[in-house]
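J.: no sequence for this one, just the structure:
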């Protein structure tokens with residue numbers, strides 16, 4: 001496919017997608033959402049100057065940047081975009097679709113004037129730095145490559161409106177579960193093993209799979225025991241071989257797993273703890289309220305679901321690297337939060353929207369080819385896809401509308417005059 005044709009089709013799909021995302025917004029806001037999603041893709045950057053350059057407007061760049069900055073302060077933008085993005089994804093969330101929740105960070109160690117900067121754990125450098133926390137929710141199916149980014153919130157414990165990290169987690173669960181009608185299984189690492197979080201999940205009948213801390217206590221056969229004692233006596237029923245990739249190397253692991261029926265102290269609901277050995281000296285212990293059977297297929301689903309959780313780490317890395325998230329230079333808290341929703345929308349377009357229809361899958365293939373990776377398309381192919389989108393859009397230098405006549409961001413229809 002010719003580069004110009006591919007770029008034109010990409011612009012069409014961005015306009016169509018942004019139109020669906022911004023339905024019900026006033027016209028300036030619809031235009032703003034379309035331009036931001038286009039600019040983030042075309043420049044792989046969240047800096048407003050870069051987004052402004054991608055639009056190729058016939059006005060001074062500072063005027064474009066000022067307009068984008070003004071629109072980015074729109075009240076309620078994060079809430080409305082997040083709600084709509086969840087609704088767009090809801091039809092793809094089935095009863096056992098994994099809803100992987102993870103907390104990450106955006107480190108801004110040189111920033112001084114950004115609002116409500118706070119101490120965060122910089123995962124890339126393994127130390128405390130200044131910045132913001134982010135909470136992401138990604139949908140996935142066990143053992144499959146498809147990823148569905150649906151929720152991204154930035155928060156700071158220095159903000160006067162901040163209540164607690166537990167409340168941020170509960171708000172995310174309630175927002176997504178309300179729209180998906182409680183479908184899906186919430187998958188969390190050891191940070192989800194908290195009384196406030198687990199208790200809320202059980203009371204509201206949310207399905208979950210949570211990695212347990214070693215100091216957790218459970219009721220087994222009516223006796224209160226530590227989870228290490230429960231797992232230590234758990235029979236390993238099945239054996240599997242898996243390949244674990246570490247950088248450029250692949251390591252074969254033999255893991256064995258079994259389960260015990262348990263109850264969480266203070267509750268009556270029957271739960272299961274799945275014990276996995278082979279990843280290290282200590283066993284991996286997973287607590288779930290999804291009904292399990294004493295079969296290889298049933299228990300392997302639980303193990304594979306947690307292993308799929310590692311996908312979100314690559315998703316977070318993809319968003320940070322492909323869109324240069326840690327290069328964000330907005331000074332006010334509301335703009336920072338609104339930008340998170342726009343970045344997640346851009347990621348959704350790349351990772352989910354382009355694969356919705358067969359015709360768009362063909363377009364996806366042409367875009368990936370344009371990335372021209374030396375060693376081919378990597379397993380996490382979204383890096384190549386994002387690079388290909390940038391190559392097509394940035395290479396044409398025609399802006400979002402590609403010349404006159406332009407298209408309305410909501411309907412995708414051509415208009416006589418530029419907005």
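T.: All right, it came through fine. What you see is a predicted model, and the numbers here were worked out from it, not measured in a lab. Numbers count the residues shown, from 1 in each chain.
J.: can you tell me the element residue 51 falls in?
T.: Applying DSSP states H and E as the criterion places residue 51 in helix 48-55.
J.: and that helix, what's buried?
T.: Buried residues in helix 48-55, counted by 16 or more other CB atoms under 10 Å: 48-55. Every C-beta, even on glycine, is put in place using the N, C-alpha and C of the backbone.
J.: what mean pLDDT does that helix get?
T.: For helix 48-55, mean pLDDT rounds to 93.
J.: follow-up on the earlier one: and which of the buried residues of helix 48-55 is nearest to residue 71?
T.: Proximity of the buried residues of helix 48-55 to residue 71 (CB to CB) peaks at residue 48, which lies at 10.2 Å.
J.: returning to what we had before: and the helix holding residue 51, what does it pack onto?
T.: Under the contact definition 3 or more CB pairs under 8 Å, 6 or more residues apart in numbering; DSSP states H and E, helix 48-55 sits against helix 27-43, helix 61-72.
J.: show me the shaky parts of this protein.
T.: 1-4, 123-124, 245-250, 311-312, 355-399, 401-419 (pLDDT under 70).
J.: quick one: the strands in it?
T.: 98-107, 118-122, 127-140, 147-155, 185-188, 207-211, 217-220, 223-226, 238-246, 249-263, 270-277, 284-288, 406-407, 414-415 (DSSP state E).
J.: closest one to residue 351 among those?
T.: Closest among the strands of the chain, using CB to CB: strand 147-155, at 5.2 Å.
J.: which residues sit against that closest one?
T.: By CB atoms under 8 Å, 6 or more residues apart in numbering, the residues outside strand 147-155 that reach it are 78, 82, 85-86, 89, 92-93, 106, 132-140, 162, 168, 172, 175-176, 311, 315, 319, 336-337, 339-341, 343-344, 347-348, 351-352, 382.
J.: closest one to residue 213 among the helices and strands packed on helix 48-55?
T.: helix 27-43 (37.6 Å).
J.: who's in contact with the residue nearest to residue 72 when sequence neighbours are not counted?
T.: In space, and not counting its chain neighbours, residue 72 is closest to residue 335: 4.6 Å by CB to CB, 6 or more residues apart in numbering. Applying CB under 8 Å, 6+ apart, we find residue 335 in contact with 69, 72-73.
J.: in CSV: the strands of the chain, plus distance to residue 304.
T.: Below are the strands of the chain laid out as CSV (distance: least, CB to CB, whole Å):
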stretch, distance to residue 304
strand 98-107, 10
strand 118-122, 28
strand 127-140, 11
strand 147-155, 15
strand 185-188, 11
strand 207-211, 10
strand 217-220, 23
strand 223-226, 26
strand 238-246, 9
strand 249-263, 10
strand 270-277, 11
strand 284-288, 11
strand 406-407, 43
strand 414-415, 47
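J.: any chance of the ones you listed in TSV, with mean neighbour count and distance to residue 326 too?
T.: Compiled in TSV, those are given as follows (neighbours: other CB atoms under 10 Å; distance: least, CB to CB, whole Å):
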stretch	mean neighbour count	distance to residue 326
strand 98-107	23	6
strand 118-122	17	10
strand 127-140	21	8
strand 147-155	24	12
strand 185-188	24	24
strand 207-211	22	27
strand 217-220	18	39
strand 223-226	12	40
strand 238-246	12	24
strand 249-263	15	27
strand 270-277	21	34
strand 284-288	22	31
strand 406-407	20	33
strand 414-415	12	37
